[in-house]
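Q: what would the 3D arrangement of this be:
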Amino acid sequence: MKDKVCFKSDSSAQIIILTGFVIAIIILGMGTILYSAANSGQQTSILQSDRAYNNFENIREEYGIALMVSSEKGEINPFNVSNTTTILEFEDRMKTIVESHGFILNFTDHEHIEVKDRAVVNILFADGKKVFNDSVTYNLLTGEIIYDTIPPGYIYDLRAETYTECTGGDGVVELKWTAVGNDYYEDTSAYKYEIRYSNESINTSEEFDNATFYRYYYDVKKNGTEQIYYVEELDHVLWYFAIKVYDKAGNFNFSNNASAKASEWSPEVYNISGNNTPINSNVPELQVNAGTDVIIEFNVTDRDGDNVNISFMIKNESTWDKAWNWTAVSLAEYNNVTFNYTFNDIQENWDFYINVTDDSTCKRSKTSPEGAPDSNYTINLTDYTPPKTIAINSTDYINDTYIDENLSVSNFGLDTSIYIQSKPNPLDKHGLIKFNLSLIPPGATIVSANISLYVEQTENSSVYFHKINSPWDEYGVNWTSFGDSYNLTPSTNGIPTLGYTNWTVTNDVIDFYANSSSNHGWLIKFEVDNMTIFSSKEANVVQRPILYVEYYS
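A: Numbers count the residues shown, from 1 in each chain. Presented below is the predicted three-dimensional model:
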């Protein structure tokens, strides 16, 4: 793992480091120049001037790197009075080095575009025969030259509508708009959308920045094509929406403001237990001794505050019966009570599920478990044995590495760290990890599974785990060979914190265990611009990846 070095413009020691760094790079870049102090200014042909221009290209690129560091990746204005010392020292050094080789270099003008984290610099370069003068736009986040300065078009027709279907997601608003081009309204596609929402109208860029971020949306269609997107899990109130559309160069434009009320929520059943033992989709069976009383308890909620009807359904052979019914229960009641049903002196196996329906227009309904009655909970007459837990962390049972879009044919299987990164930082890095499950005995019933990764460095944004669809070799795989061989829908996500952080992957591990040929592990990535570093299996034993699996023999 490489240490992250930050330069502050108000530190003389760091200025010296920056200056030395730039000088070293420039000297290397100028090493190929065919001019020296001995032949300074003795240009005799256009060809020599063209060669000089090639070196000018290098100077432009290195200037951008120094500009990025001086501005702390766009966080401060590199041309403010408070930090001109760093810039001026750099420019003076640059001029001195270049002029010692017989060239004249000058930076005649500059502008900082704060809202886009950019700097525009006018550079004048001459070799005694030919003058090169151009205006260069730099991305202060990456130091790279921006060749595309034309933004996508403005979205004029954003509409928001309440999702009226009675089935589907909860708290949904349907957004529709016409796609714009990469450069205004040409027949191309932009790069991504940034969707935000608020309880108040969003009419300015400042109001957009203050609104709640929902997500980046990458399914961008061509200019003139209708786009549809569903925002989910919002409270059942009026919301305002706006979109920022980007191209790959980081240029952006906005949309008009649109508003709609989110659809209603279905009620929920939670905290289900039998004799104080949790019952859920991962542990659907309760093991009890014959002749005991079994008390099933649960709670109910409805985000909209609707009245609800609750049914407790049971069967012991083939027919479902309504064992108990709570009708027209109000918000005040179900928010303050735990519902229960008792099996007295149990002498046989029982199946059960819970159904709750609200009194909204749609009569939204939810069962627990989902999919009931085809899926249900079971009470079995057998002595209860607690599940066992295994921790898989031996290097012989772990494959891990990462792939780097910037170093697309390089392999990092022997690295002690797994880098996860997203654009523009500067290019994507995705982690790959797989655990061999052969230590779990045959015929086991998996209760839960959690990946635990040691976090060395993080910027506190959710990472997403996606199931990989094809085999890969940790000592041979790279960005190019891997391609896009993973499920687009993530299995789980969560925010990493320093030290060990856990992610639940129970359903995936159950699938991998049932069909070992499908076990290709997970790809780990960001959906927003961010960076995190995990320890790999090559790290110290106390920082290795671990897969915890809880199971019944």
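
Q: what residues are up against the nearest residue to residue 358 once chain neighbours are set aside?
A: Of all residues not flanking residue 358 in the chain, residue 306 sits nearest, at 3.8 Å (C-beta to C-beta, 6 or more residues apart in numbering). (Glycine included, C-beta is placed from N, CA and C.) Taking C-beta atoms under 8 Å, 6 or more residues apart in numbering, we find residue 306 in contact with 264, 267, 331, 358, 359, 360.

Q: next up, phi/psi of the third one, please.
A: Just to be clear, that refers to residue 331. phi -60, psi -40 (degrees, to the nearest 10).

Q: count the residues that sit near the closest residue to it other than its chain neighbours.
A: Nearest non-adjacent residue to residue 331, counting by C-beta to C-beta, 6+ apart: residue 305, 4.5 Å away. The number of residues packed near residue 305 is 15, by other C-beta atoms under 10 Å.

Q: contacting residues around residue 485?
A: Counting by C-beta under 8 Å, 6+ apart, residue 485 makes contact with 468, 469, 470, 472.

Q: check the residues you listed and tell me the two furthest apart.
A: Within these, two members stand farthest from each other by C-beta to C-beta: 469 and 472, at 10.1 Å.

Q: what do the two both touch?
A: When contacts are counted by C-beta under 8 Å, 6+ apart, residue 469 and residue 472 have 485, 520 as shared neighbours.

Q: check which helix or strand the closest residue to residue 509 other than its chain neighbours maps to.
A: Counting by C-beta to C-beta, 6+ apart, residue 449 is the residue found nearest to residue 509 once chain neighbours are left out, at 3.7 Å. Per DSSP states H and E, residue 449 falls inside strand 445-458.

Q: and that strand, what other elements does it pack with?
A: When contacts are defined as 3 or more C-beta pairs under 8 Å, 6 or more residues apart in numbering; DSSP states H and E, strand 445-458 packs onto strand 429-435, strand 499-504, helix 506-514, strand 531-535, strand 546-552.

Q: following it, which helix or strand comes up?
A: Counting by DSSP H and E, the next helix or strand C-terminal to strand 445-458 is strand 463-467.

Q: partners of that next one, with directions?
A: Take DSSP bridges as the rule and strand 463-467 pairs in its sheet with strand 492-494 (antiparallel), strand 522-526 (antiparallel).

Q: now do the helices in the chain.
A: Counting by DSSP state H, the chain has these helices, from start to end: 12-30, 46-70, 84-99, 205-210, 331-334, 479-482, 506-514.

Q: which residues does the fourth one contact?
A: It refers to helix 205-210. With contacts defined as C-beta under 8 Å, 6+ apart, helix 205-210 is touched by 115, 196, 198, 200, 201, 202, 242, 244, 254.

Q: repeat that for 6 Å
A: 196, 202, 242 (C-beta atoms under 6 Å, 6 or more residues apart in numbering).

Q: beta-bridge partners for the last one, please?
A: Translated: residue 242. residue 196.

Q: that one contacts residue 202, doesn't it?
A: Yes: with contact defined as C-beta atoms under 6 Å, residue 242 counts as touching residue 202 (4.0 Å).

Q: between the two, which contacts overlap?
A: Both residue 242 and residue 202 are in contact with 208, 257, where contact means C-beta under 6 Å, 6+ apart.

Q: worst mean pLDDT across the helices and strands of this structure, which element?
A: When each helix and strand of the chain is scored by mean pLDDT, DSSP states H and E, helix 12-30 comes last, with a mean of 41.

Q: got JSON lines for the contacts of residue 306, with neighbour count, distance to residue 517 and pLDDT too?
A: Formatted as JSON lines, the contacts of residue 306 follow (neighbours: other C-beta atoms under 10 Å; distance: C-beta to C-beta, whole Å; pLDDT from 0 to 100):
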{"residue": "264", "neighbour count": "22", "distance to residue 517": "43", "pLDDT": "90"}
{"residue": "267", "neighbour count": "27", "distance to residue 517": "41", "pLDDT": "94"}
{"residue": "331", "neighbour count": "14", "distance to residue 517": "50", "pLDDT": "92"}
{"residue": "358", "neighbour count": "23", "distance to residue 517": "44", "pLDDT": "95"}
{"residue": "359", "neighbour count": "15", "distance to residue 517": "49", "pLDDT": "92"}
{"residue": "360", "neighbour count": "19", "distance to residue 517": "46", "pLDDT": "89"}
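
Q: tell me the two of these that are most distant?
A: Spatial extent of those (C-beta to C-beta) is set by the pair 264 and 331 at 13.9 Å.

Q: tell me how many other residues crowd residue 62.
A: 21.

Q: same check, this time on residue 222
A: Neighbour tally, residue 222, other C-beta under 10 Å: 14.

Q: tell me where the stretch 51-200 of the chain has strands.
A: Under the criterion DSSP state E, counting those that start in this stretch, strands of the stretch 51-200 of the chain are mapped to 104-113, 118-126, 131-139, 159-162, 173-178, 192-198.

Q: for the fourth one, what is the average pLDDT?
A: Strand 159-162 shows an average pLDDT of 94 in the prediction.

Q: repeat for the third one
A: For strand 131-139, the mean per-residue pLDDT is 81.

Q: what lies in contact with that strand?
A: So strand 131-139 is contacted by 53, 56, 60, 64, 67, 118-125, 145-146, 149 (C-beta under 6 Å, 6+ apart).
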